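>>> sequence? don't have it. structure:
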């Protein structure tokens with residue numbers, strides 16, 4: 001299996017733009033109509049997500065066996081769609097048909113063998129992970145909406161309580177389906193550390209054109225039942241009692257997973273009276289987007305280990321710290337600290353650039369990436385029937 005061959009051929013295929021996913025899904029639904037109900041009614045957003053995510057997987061084809069964590073997460077997560085082993089055969093056949101269609105005479109026996117081998121590895125890892133997880137966890141968790149609080153004009157704090165035990169680590173994310181948007185799963189990060197009562201806070205910002213975020217902010221109500229997928233992501237998690245000092249840089253609702261970690265550290269401090277130094281910078285465009293200001297300011301006053309800085313980029317009248325949060329973060333004390341960064345793709349890229357330019361080693365900077373294209377906060381991956389965050 002040649003990674004160069006896979007990547008080169010995929011690059012040539014993607015030059016055909018929207019025609020590629022259109023052909024793939026048309027072939028899949030015609031040849032296997034039984035899978036159509038697994039996908040959302042509107043496929044306009046799904047098509048591009050397939051291309052971007054599959055390309056990301058293919059570009060790492062030579063590392064799949066050694067770095068399988070993402071595909072294992074993906075395989076476990078696909079259980080919520082009732083994906084069966086035979087569905088992988090259907091997707092694989094349509095993928096090869098799509099490649100053959102757009103590559104023409106280039107689609108020879110050697111290239112076909114490379115793609116078949118790569119897809120076999122992908123499918124095997126995902127199926128094995130799904131089978132193993134099915135022995136201990138459900139395909140999805142039903143959760144009750146117990147609180148809906150409109151925090152700002154376009155942001156709602158949603159509190160849900162799963163009906164069965166739901167284990168997650170601070171810093172992870174979970175996918176959610178709401179009743180009036182079936183088959184449209186979106187990823188959100190819990191904004192709290194695990195609680196004895198199992199409740200989870202989600203900070204949901206309404207995005208222009210977002211089908212799910214708009215429905216959550218405007219329509220979801222106490223008493224509704226939502227579905228949750230298994231938690232994913234490990235890059236923004238920390239080991240319990242880890243004493244590493246942290247510089248946390250959040251953009252917008254990227255605050256949620258970092259807030260959960262702050263709660264985790266605070267719980268340790270209350271038990272043991274010891275904690276690492278933590279400096280959290282929250283960057284927003286306008287000051288009224290600082291939706292969690294009261295709690296964060298209160299914690300900063302009460303905890304000697306916690307420092308909180310608000311950064312506003314677009315309001316010239318704001319009397320506090322102004323500018324891009326990544327630029328401000330790079331001016332802080334970096335030596336001996338690890339950095340955690342969470343926000344939109346542009347914010348994350350700018351912050352990484354600023355921190356490394358200021359001398360922070362790249363291995364000391366962590367940020368979550370799910371191999372997803374950017375939408376509201378990210379999108380689910382290549383073979384996922386209905387994942388995005390719009």
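Here it is on my side, so go on. Just so you know, these numbers come straight off a predicted model, no measurement behind them. Numbering: from 1, shown residues only.

>>> who touches the closest residue in space to residue 194 that isn't next to it in sequence in this structure?
Take residue 194 and drop its neighbours on the chain: the residue closest to it by Cβ to Cβ, 6 or more residues apart in numbering is residue 168, 6.6 Å away. Bear in mind the C-beta positions are built from the backbone N, C-alpha and C, glycine included. Applying Cβ atoms under 8 Å, 6 or more residues apart in numbering to residue 168 gives the contacts 174, 190, 194, 200, 231.

>>> likewise residue 71?
Counting by Cβ under 8 Å, 6+ apart, residue 71 touches 57, 64, 122, 125-126, 129.

>>> which residues in this structure form helices?
3-14, 19-31, 46-59, 69-77, 85-103, 109-133, 211-218, 255-272, 293-302, 325-330, 345-357 (DSSP state H).

>>> what inclination does the first one have with respect to helix 19-31?
Right, the one you point to is helix 3-14. Helix 3-14 and helix 19-31 meet at an angle of 90 degrees, taking axes from the mean of the first three to the mean of the last three Cα atoms, to 10 degrees as the criterion.

>>> lowest-pLDDT helix or strand in this protein?
Here the helix or strand of the chain ranked lowest by mean pLDDT, DSSP states H and E is helix 46-59, holding a mean of 66.

>>> Low-confidence bits of this protein, can you list those?
For the chain, the stretches with pLDDT under 70 are 1, 40-53, 55-56, 59-62, 64-67, 209, 369-390.

>>> Where do the domain boundaries of it fall?
Taking automatic domain parsing as the reference, the chain has its domains at 3-133, 141-228, 245-367.

>>> Please convert those to TSV, extending it with distance to residue 239.
Formatted as TSV, those follow (distance: least, Cβ to Cβ, whole Å):
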stretch	distance to residue 239
domain 3-133	17
domain 141-228	10
domain 245-367	10
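
>>> between the ones you listed, which one is nearest to residue 238?
Residue 238 sits nearest to domain 245-367 of all the domains of the chain, at 6.0 Å, using Cβ to Cβ.

>>> what helices or strands is the lengthiest strand in the chain leaning on?
Longest strand in the chain, counting residues (DSSP state E): strand 141-152. Counting contacts by 3 or more Cβ pairs under 8 Å, 6 or more residues apart in numbering; DSSP states H and E, strand 141-152 packs against strand 155-162, strand 225-228.

>>> Let's see that with 10 Å instead.
strand 155-162, strand 174-177, strand 200-205, helix 211-218, strand 225-228 (3 or more Cβ pairs under 10 Å, 6 or more residues apart in numbering; DSSP states H and E).

>>> Dump those into JSON lines; add mean neighbour count and distance to residue 289 as well.
Converted to JSON lines, these look like this (neighbours: other Cβ atoms under 10 Å; distance: least, Cβ to Cβ, whole Å):
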{"stretch": "strand 155-162", "mean neighbour count": "20", "distance to residue 289": "8"}
{"stretch": "strand 174-177", "mean neighbour count": "23", "distance to residue 289": "22"}
{"stretch": "strand 200-205", "mean neighbour count": "22", "distance to residue 289": "9"}
{"stretch": "helix 211-218", "mean neighbour count": "20", "distance to residue 289": "14"}
{"stretch": "strand 225-228", "mean neighbour count": "18", "distance to residue 289": "25"}
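
>>> Export those as a markdown table, with columns for distance to residue 367.
Formatted as a markdown table, the helices and strands packed on strand 141-152 follow (distance: least, Cβ to Cβ, whole Å):
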| stretch | distance to residue 367 |
| --- | --- |
| strand 155-162 | 22 |
| strand 174-177 | 18 |
| strand 200-205 | 18 |
| helix 211-218 | 22 |
| strand 225-228 | 24 |
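
>>> Great, nothing more from me.
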